[in-house]
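The following block contains a protein sequence and its predicted model.
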Amino acid sequence: MNPKTLRLVLGDQLNRNHTWWKEEPGTFTALFVESRGETDYAVHHIQKVVAFFIAMRAFADELIAADHSVLYIALDDKSNKGSIAENVNHLVEKHSYQRFEYQSPDEWRLDKELQALAKTLKVETQECDTEHFITKRAELADFFKGKKTYVMESFYRMLRKREHVLMDFDQPAGVQWNYDKSNRKTLPDDQKWPEPLVFDHDAAAILEMIDKAGVKTMGRMQGEHSLWPANRQDSEALLAFFIQHCLPNFGNYQDAMASDAWSLYHARLSFSMNTKMLNPREIIEAVESAWREDPDRYPLAAAEGFIRQILGWREYMRGVYWAQMPEYANKNFFDHTAALPAWYWTGDTKMNCMKQAIGQSLDYAYAHHIQRLMITGSFALLLGVNPDEVDAWYLGVYIDAIEWVEITNTRGMSQYADGGLVATKPYCSTANYIDKMSDYCGNCYYDKKLKVGEKACPFNALYWDFYDRNRRKLENNPRIGFVYPTLDKMKPAQRQEIMEWAEEIKNRINDL
Ligand code: FAD
Ligand code: SF4
């Protein structure tokens with residue numbers, strides 16, 4: 001290895017076990033850039049910007065402690081040229097590097113930026129794997145070649161067999177492949193859940209730097225400390241906490257929501273995984289081992305339910321991203337054009353479910369899957385919000401939001417903007433489902449049972465309006481079932497009243 005090699009480490013490439021770091025120290029320089037391009041491509045949650053910078057700095061310190069040569073360009077560094085490409089270009093020239101190496105970025109935008117950079121640099125360049133994912137970028141596209149839609153379950157089963165996860169010889173452990181039906185229980189009134197494990201990393205200096213630089217952010221801090229894992233040690237502690245305190249109930253209450261629980265039994269490991277501080281395989285192995293060693297405490301439905309999210313959904317979404325980009329970013333199956341209500345950015349609404357889900361997103365940069373899908377996502381879908389606006393919000397607000405996993409979940413799963421490539425039906429509901437799965441409706445200004453009128457829950461009229469206006473595109477979908485027969489059974493006057501009320505809701509959307 002030539003000592004004049006520059007290796008770029010992106011903020012989501014903090015993989016301490018990468019082969020790069022096993023090579024002899026001093027044979028290359030590792031480059032970290034706090035880039036304006038990255039802080040500004042979306043309006044990010046302040047906790048997200050802070051958590052990324054803290055984790056990048058901690059990783060750079062770890063490499064320095066292991067005698068690696070590191071060049072760290074902070075956001076306010078006078079030598080910082082702005083974008084990653086501009087910084088690399090400048091350094092290669094100034095320090096006469098003879099070689100530039102980078103790990104494959106997970107985002108299409110950065111992939112193109114670095115490919116273009118590699119072409120223009122007048123030195124040898126090399127791209128290598130991040131050694132993080134279980135599948136290769138193009139694997140899903142190959143697996144579903146010639147098919148019109150993708151099916152997560154078949155991809156997941158193939159991976160279970162190939163990776164020998166939750167298998168007894170060639171059969172799924174416990175006979176069933178999938179325990180999804182056992183993952184939908186509602187919380188009993190007396191249920192107690194653990195206080196989430198959070199961290200306490202001093203963020204004062206970084207906050208000051210972000211403020212001085214004028215970076216536009218959203219959301220709020222919890223004091224001047226970051227609650228999110230900063231390194232592998234924190235991430236391992238969070239995994240251990242999850243297994244001990246949350247996994248036993250993860251399966252049962254995966255879809256449940258409660259007002260005073262911002263993460264309930266969820267792992268909050270997405271930040272550690274998406275920054276590659278933790279590898280998905282080690283999480284899967286830890287969860288499978290917990291079940292094998294103590295199946296009474298860790299039911300198979302919980303272990304399978306959790307592993308399916310990582311081995312199944314996470315790998316699947318990444319495959320969809322690489323199979324479908326860049327066209328995916330323009331999909332808008334329903335031709336939705338409405339604006340996102342202004343209160344998505346403040347949480348200031350009388351709709352209690354939205355206030356809770358948005359409020360905790362602004363407080364913690366986190367909401368769990370069902371809050372993202374069936375509260376904020378579902379409402380935007382029913383309202384007919386332009387998917388570009390929905391994406392911009394999701395890409396900014398969550399601690400784990402990186403485009404490959406954000407856009408596939410938002411545009412695909414939650415907005416059905418790809419016309420059913422990712423999801424087999426639109427995910428939306430009336431107040432009924434929200435009331436069943438949460439305690440939100442009991443404390444709401446609106447009445448979950450009413451369809452029209454000042455006090456009627458807005459989800460109800462918007463639900464029927466959504467199906468009515470999209471009839472041509474949806475009525476032949478076999479998974480939609482009862483919707484159109486129910487709509488057709490409504491008396492014309494009642495139906496008209498609902499549709500008119502839906503229009504009224506849209507007219508006063510910012511005052512809900
Ligand atoms: P848990 O519920 O504890 O699940 C464990 C892990 O499984 C997660 O950490 C995650 O890595 C994986 N996982 C679960 N569901 C999915 C999924 N649908 N797709 C991919 N991985 C999954 N996830 C992100 O990582 N980044 C995003 O930007 C993101 N945006 C989303 C937007 C919408 C509209 C929706 C509906 C979902 C989104 N998700 C996203 C998926 C999922 O909601 C989050 O991964 C999860 O809430 C993270 O919290 P957790 O670690 O506590 O998850
Ligand atoms: Fe949400 Fe409607 Fe329930 Fe209020 S009544 S919490 S708006 S679903």
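Perfect, I can see it now. Ligands and ions are numbered 1, 2, ... in the order given.

What is the end-to-end distance of stretch 169-178?
17 Å (C-alpha to C-alpha, to the nearest Å).

Phi and psi next, for residue 131.
According to degrees, to the nearest 10, the main-chain angles of residue 131 amount to phi 60, psi 40.

hmm, stretch 146-159 touching ligand 1?
No: for stretch 146-159, no contact with ligand 1 is found by C-beta under 6 Å from any ligand atom; the gap never falls below 9.0 Å. Quick note: C-beta positions are derived from backbone N, CA and C, even for glycine.

Pull out the buried residues from that stretch.
Judged by neighbour count (16 or more other C-beta atoms under 10 Å), stretch 146-159 contains these buried residues: 150, 152, 155, 156, 159.

now do stretch 421-439
Burial within stretch 421-439, assessed by neighbour count using 16+ other C-beta under 10 Å, is assigned to 421-423, 426-431, 433-435, 437-439.

How about it and ligand 1, touching?
No: figure legend: stretch 421-439 not in contact with ligand 1 (C-beta under 6 Å from any ligand atom); closest approach 7.8 Å.

How far off centre is that stretch?
Going by C-alpha atoms, centre = their mean, to the nearest Å, the spacing between the C-alpha centre of stretch 421-439 and its chain's C-alpha centre is 18 Å.

Quick check: mean pLDDT of it?
The pLDDT scores in stretch 421-439 average 94.

Please apply the same query to stretch 393-411.
Stretch 393-411 shows a mean pLDDT of 98 in the predicted model.

can you tell me the distance between the two ends of it?
Rule used - C-alpha to C-alpha; the end-to-end distance of stretch 393-411 is 12 Å.

Contacts (any at all) between ligand 1 and it?
Yes: applying C-beta under 6 Å from any ligand atom, one finds that stretch 393-411 is in contact with ligand 1 at 394, 398, 400, 401, 405, 406, 409, 410.

Now do the contacts for the first one.
If you count contacts by C-beta atoms under 8 Å, 6 or more residues apart in numbering, residue 394 has them with 372, 401, 406, 409, 410.

Pretty sure the third one sits against residue 391.
In this case it means residue 406. Yes: Residue 406 is within contact range of residue 391, at 7.1 Å (criterion: C-beta atoms under 8 Å).

In the residues of stretch 393-411 next to ligand 1, find the pair that's most separated.
By the measure C-beta to C-beta, 400 and 410 form the most distant pair in the residues of stretch 393-411 next to ligand 1, at 12.5 Å.

neighbour count winner among these two?
Of the pair residue 400 and residue 410, residue 410 is the one with more neighbours under other C-beta atoms under 10 Å, namely 25 against 20.

Excluding chain neighbours, what is closest to that one?
Residue nearest to residue 410 in three dimensions, not counting chain neighbours: residue 394, with 4.5 Å by C-beta to C-beta, 6 or more residues apart in numbering.

dump the residue contacts of residue 230.
Residues in contact with residue 230 (C-beta under 8 Å, 6+ apart) are 51, 54, 55, 58, 199, 201.

for residue 167, same thing?
If you count contacts by C-beta under 8 Å, 6+ apart, then residue 167 has 160, 161, 173 around it.

could you point out the longest helix in the protein?
Among the segments of the chain that qualify as a helix by DSSP state H, the longest is helix 46-65.

I'd like to know which elements it is packed against.
With contacts taken as 3 or more C-beta pairs under 8 Å, 6 or more residues apart in numbering; DSSP states H and E, helix 46-65 sits against strand 29-33, strand 69-73, helix 204-213, strand 217-218, strand 225-226.

how about a cut-off of 6 Å?
Using 3 or more C-beta pairs under 6 Å, 6 or more residues apart in numbering; DSSP states H and E, the elements in contact with helix 46-65 are strand 29-33, strand 69-73, helix 204-213, strand 225-226.

check contacts around the residue of the stretch 101-250 of the chain found nearest ligand 2.
Among the residues of the stretch 101-250 of the chain, residue 186 lies nearest to ligand 2; the distance is 14.4 Å by C-beta to the nearest ligand atom. Taking C-beta atoms under 6 Å, 6 or more residues apart in numbering as the criterion, residue 186 is in contact with residue 256.

mind checking pLDDT for it?
pLDDT for residue 186: 90.

my read is residue 125 is in a strand, agree?
Yes: note on residue 125: a strand contains this position according to DSSP: H, G, I helix; E, B strand; the rest coil.

rewinding a little: who's in contact with the longest helix of the chain?
With contact meaning C-beta under 6 Å, 6+ apart, helix 46-65 is reached by 11, 14, 30, 32, 34, 39, 70, 72, 201, 203, 206, 210, 217, 219, 221, 226, 228, 230-231, 275, 365, 399.

can you give me the angle it makes with helix 204-213?
Here helix 46-65 runs at 120 degrees with respect to helix 204-213, directions being taken by axes from the mean of the first three to the mean of the last three C-alpha atoms, to 10 degrees.

could you give the angle of helix 46-65 to strand 69-73?
Orientation check (the same axes, to 10 degrees): helix 46-65 against strand 69-73 gives 150 degrees.

how much does helix 46-65 deviate in direction from strand 29-33?
Our comparison of helix 46-65 with strand 29-33, counting by the same axes, to 10 degrees, yields an angle of 170 degrees.

CA atoms only: put helix 46-65 into PDB for me.
Coordinates of each C-alpha in helix 46-65 appear next as PDB, following Å, rounded to 0.1, in the frame of the first residue of the first chain:
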ATOM      1  CA  ILE A  46     -30.700  19.000  14.600                       C
ATOM      2  CA  GLN A  47     -30.200  15.700  16.600                       C
ATOM      3  CA  LYS A  48     -29.400  13.900  13.300                       C
ATOM      4  CA  VAL A  49     -26.700  16.400  12.300                       C
ATOM      5  CA  VAL A  50     -25.200  16.400  15.800                       C
ATOM      6  CA  ALA A  51     -25.300  12.600  16.100                       C
ATOM      7  CA  PHE A  52     -23.500  12.100  12.700                       C
ATOM      8  CA  PHE A  53     -20.800  14.500  13.600                       C
ATOM      9  CA  ILE A  54     -20.200  13.100  17.000                       C
ATOM     10  CA  ALA A  55     -20.000   9.500  15.600                       C
ATOM     11  CA  MET A  56     -17.700  10.600  12.800                       C
ATOM     12  CA  ARG A  57     -15.400  12.300  15.300                       C
ATOM     13  CA  ALA A  58     -15.400   9.400  17.700                       C
ATOM     14  CA  PHE A  59     -14.600   7.000  14.800                       C
ATOM     15  CA  ALA A  60     -11.700   9.200  13.600                       C
ATOM     16  CA  ASP A  61     -10.400   9.300  17.200                       C
ATOM     17  CA  GLU A  62     -10.500   5.500  17.400                       C
ATOM     18  CA  LEU A  63      -8.500   5.300  14.200                       C
ATOM     19  CA  ILE A  64      -5.900   7.800  15.500                       C
ATOM     20  CA  ALA A  65      -5.700   5.800  18.800                       C
END
